[in-house]
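Participant: Make a model of this:
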Amino acid sequence: MSDSLNAAQRAAVDCLRGPCLVLAGAGSGKTRVIAHKIASLAGRGVAPQGIAAITFTNKAAAEMRLRARQLVGRRSGAVLVCTFHALGVRLLRQDGALLGLKPAFSILDSDDALALIRDCGAAVDRATARRWQWAISRFKSAGLDAARALAAAGSEDEAQAARVMQRYQERLGAYQAVDFDDLIALPLRLLREHEPVRAHWQQALAYVLVDEYQDTNASQYELLKLLVGDRADFTAVGDDDQSIYGWRGATLDNLRRLPQDFPQLRVIKLEQNYRSTDAILAAANHVIAHNPKLYAKKLYSQLGAGEPVRVLACDHEQHEAERVVARMQSLRETSQHNRWRDFAVLYRANHQARIFEQALRQAQIPYRVSGGQSFFDRAEIRDLCAWLRLLVNEDDDPAFVRAITTPKRGVGHQTLARLGDFASRARVSLFGALFEHSMPAALGARNAERLLDFGRLINDLHYRAEGARGEEAVAALLTDWLKEIAYESHLHDSSDNARQAATRWGHVLDFCNWMAARAGGQVATATQAVVDSPASNLLAVAQTVSLISTLQERETDADLVTLSTLHAAKGLEWPHVVLAGACDGILPFARDDDALADNPERIAEERRLMYVGITRAQRTLAVSWTRKRKKGRDMVLAEPSRFIEEMALDQATVREDPRQKLAALRAEFARRAAAGAADAAERAA
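Facilitator: Numbering: from 1, shown residues only. All right, here's what the predicted structure looks like:
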């Protein structure tokens, strides 16, 4: 089974007792190692249900399950392969009652949490509320409750965020709801405070593997320690050179602490890269060598020297986009094996995609933007989906809370908290509680009437949706529904300006057109994605909404150029990569008031981001920068990123000026034309 592994990979797979750290360099086969380790554990008597493999994304978990199934077979289905947050949900569903949570607690998404924070902060503007939301997230990631966060606050803004956090947590408790960060913080509290629960999970999980360990935050590390206990049978797989999420709480301190907390820790390095050529790896090794090292390692490859890394010096951003597109066209034409899906353009910030989108459209090259917002993740679409989910399933409490408060209809958080308490006592859903005979007495006649108005509206919509069949009928019902709930007015009231409201209303109309088209037998969505077979009435269409994922996920195999942020590109690879916009101030990123020279940790993380970008490339890599770039309405001078110099490239081969090359070609053509004309004149004579 492990004959195809190299020596370091085999050592990592065979280390089955005690703590193990696998330092997996980019492209070194870490997922393969984890899958083989699951197979090795199962083959040596560890029950599959006693193995947990924890990662950070659902996509990575799905790939891990597939790899494990290929090696273990059906038994791999019993292995717990999930994200940290999914594991947290499992703990809370099973034992959350000890913290006052019912099993059907709601999980608030970012927008719902933001709205709640705004209410707790006396309805401040979105920007302030968003700042508090990030602060509260940092507090929870660091394992701080509101009181300790207030004591540790380093500014008045942080102190205010901590005070809002106290009210916010009280509201979450009243709503029987948690936010994303609570899915780590609350299980951690559960394991710390309840020894029988901790003992159960330590016994249930005989072996734990953690992928992307460098991306863990302080709370996730503490959760891992409590899960593995004194036995400490676990493997952490990660790469300190690819730690790029410090802004969301990830800390390299977790790598530093491992040998201190687990003195028997065995460290195994995976340094053979199976992805990139020597030229690309040399550039990556040179760049990352400028960072301080926790564990020194150097990637190497047996794929040959490959093409030298190119640096494209461009006049401005439009010129850069044109050169990048021309490069892709040239590479594609020189090999019949290149497809558009083999190319990626990576950049530091989302706004950099626009100019490349324009250039690709002009060249009629198909593309997709990765790492941006999905159409179905927009707040206005999620609002409508909440209503539709409630039409389909009246027991969907999170959908109930979002629908009854968006648009606002005079039902405040105190009323919802009392309704939640009443529903818990009656053991019914929030919607079911509306029609309990004792509800008016419990909540008061005025509140009860508002709640019943909403309940009657939902029942009426459900009845009409059952009978709305075909495109025209569904379109008419959706139009009437939006008017009845005054959703367009809500968008104008909740948007920053009229232009933003109009854009959001356009998204709503696109969504409704898609719904109607589905009912009428057409399958084109507002995002031009293709979905499964159409449904006949509005309720049937509503049931399919939850099955729709992002356009990018549905088009994984499509022949499209990828435009992506560097953060979103982590874990991916392409034969041909362009790292665009590599100017100081962009990569490394700096705001106007930033003094990067005084912040070595920031520079180190930005350097790791550059390293991640370089190591996405398999066969060719180009790095582009502009002499001028747009800043607001002005054009400002720009300098090449300091990381380009750190790549230590052969200047003679990588920095050829295309204008000089073009001039040389023109001179050659002119010489040949003159020679031809002279020959013709000689023959004529």
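
Participant: care to break this protein down by domain?
Facilitator: For the chain, automatic domain parsing gives the domain ranges 7-92+185-270, 106-175, 300-374+557-654, 376-548.

Participant: between those, which gets the lowest average pLDDT?
Facilitator: Among the domains of the chain, domain 376-548 carries the lowest mean pLDDT, a mean of 80.

Participant: related to what we said a few turns ago, in JSON lines: the domains of the chain, plus mean neighbour count.
Facilitator: (C-beta placed from N, C-alpha, C; glycine too.) Listed next are the domains of the chain as JSON lines, based on neighbours: other C-beta atoms under 10 Å:
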{"stretch": "domain 7-92+185-270", "mean neighbour count": "19"}
{"stretch": "domain 106-175", "mean neighbour count": "18"}
{"stretch": "domain 300-374+557-654", "mean neighbour count": "18"}
{"stretch": "domain 376-548", "mean neighbour count": "17"}
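
Participant: who wins for proximity to residue 281 among those domains?
Facilitator: domain 300-374+557-654 (5.4 Å; C-beta to C-beta).

Participant: rewinding a little: wait, which of the domains of the chain is closest to residue 287?
Facilitator: Between the domains of the chain, domain 300-374+557-654 lies closest to residue 287; by C-beta to C-beta that is 4.8 Å.

Participant: on that earlier part again, I'd like the domains of the chain as a markdown table, with distance to residue 283 appended.
Facilitator: Listed next are those as a markdown table, based on distance: least, C-beta to C-beta, whole Å:
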| stretch | distance to residue 283 |
| --- | --- |
| domain 7-92+185-270 | 12 |
| domain 106-175 | 33 |
| domain 300-374+557-654 | 4 |
| domain 376-548 | 35 |
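
Participant: From residue 175, how far off is residue 162?
Facilitator: 20 Å (C-beta to C-beta, to the nearest Å).

Participant: again with residue 166
Facilitator: Counting by C-beta to C-beta, the gap from residue 166 to residue 175 is 15 Å.

Participant: Let's see the helix or strand containing residue 54 as CSV, backbone CA atoms only.
Facilitator: Per DSSP states H and E: residue 54 is located in strand 51-55. Provided in CSV are the C-alpha atoms of strand 51-55 (Å, rounded to 0.1, in the frame of the first residue of the first chain):
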residue,chain,number,x,y,z
ILE,A,51,-10.2,8.0,13.6
ALA,A,52,-10.8,11.7,13.1
ALA,A,53,-9.3,13.8,10.3
ILE,A,54,-9.9,17.5,10.8
THR,A,55,-9.3,20.1,8.1
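
Participant: Centre of the chain to it, how far?
Facilitator: With C-alpha atoms, centre = their mean, to the nearest Å as the basis, strand 51-55 stands 19 Å off its chain's centre.

Participant: Give me the next element, helix or strand, following that strand.
Facilitator: Immediately after strand 51-55, counting by DSSP H and E, sits helix 58-72.

Participant: and that following helix, what does it pack onto?
Facilitator: Counting contacts by 3 or more C-beta pairs under 8 Å, 6 or more residues apart in numbering; DSSP states H and E, helix 58-72 packs against helix 30-43, strand 51-55, strand 80-83.

Participant: ok, residues contacting that helix?
Facilitator: With C-beta atoms under 8 Å, 6 or more residues apart in numbering as the test, helix 58-72 has contacts from 1, 31-32, 34-36, 38-39, 42, 48, 53, 55, 76-77, 79, 81-83, 86, 211-212, 571.

Participant: quick one: the strands in the stretch 451-600 of the chain?
Facilitator: Assignment of strands within the stretch 451-600 of the chain using DSSP state E, counting those that start in this stretch yields the ranges 561-565, 574-579.

Participant: can you list those in TSV and add distance to residue 218?
Facilitator: Output for the strands of the stretch 451-600 of the chain, formatted as TSV (distance: least, C-beta to C-beta, whole Å):
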stretch	distance to residue 218
strand 561-565	25
strand 574-579	31
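
Participant: so which of these gets nearest residue 506?
Facilitator: Among these, the nearest to residue 506 by C-beta to C-beta is strand 561-565 (22.6 Å).

Participant: just the angle between the closest one and strand 574-579, please?
Facilitator: Going by axes from the mean of the first three to the mean of the last three C-alpha atoms, to 10 degrees, strand 561-565 is angled at 50 degrees with respect to strand 574-579.

Participant: Now tell me what touches strand 561-565 from outside.
Facilitator: Outside strand 561-565, the residues that touch it by C-beta under 8 Å, 6+ apart are 328, 340-341, 343-350, 353, 356-357, 360, 365-371, 572, 574.

Participant: Neighbouring strands - and their directions - for it?
Facilitator: The pairing partners recorded for strand 561-565 under DSSP bridges are strand 343-347 (parallel), strand 367-370 (parallel).

Participant: how far does it sit from the chain's center?
Facilitator: For strand 561-565, the separation from the chain centroid amounts to 14 Å (computed by C-alpha atoms, centre = their mean).

Participant: for this protein, longest strand please?
Facilitator: Secondary structure of the chain per DSSP state E: the longest strand is strand 617-626.

Participant: which element follows it toward the C-terminus?
Facilitator: Note on strand 617-626: by DSSP H and E, the next helix or strand toward the C-terminus is strand 628-631.

Participant: Identify all contacting residues around that next one.
Facilitator: With C-beta under 8 Å, 6+ apart as the test, strand 628-631 has contacts from 315, 316, 317, 581, 583, 586, 635, 636, 637, 638.

Participant: Just tell me which of the strands of the stretch 451-600 of the chain ends up closest to residue 419.
Facilitator: The nearest among the strands of the stretch 451-600 of the chain, by C-beta to C-beta, is strand 561-565 at 41.4 Å.

Participant: Distance-wise, check residue 21 relative to residue 141.
Facilitator: Distance from residue 21 to residue 141, by C-beta to C-beta: 22 Å.

Participant: That's all I had, so thanks and see you.
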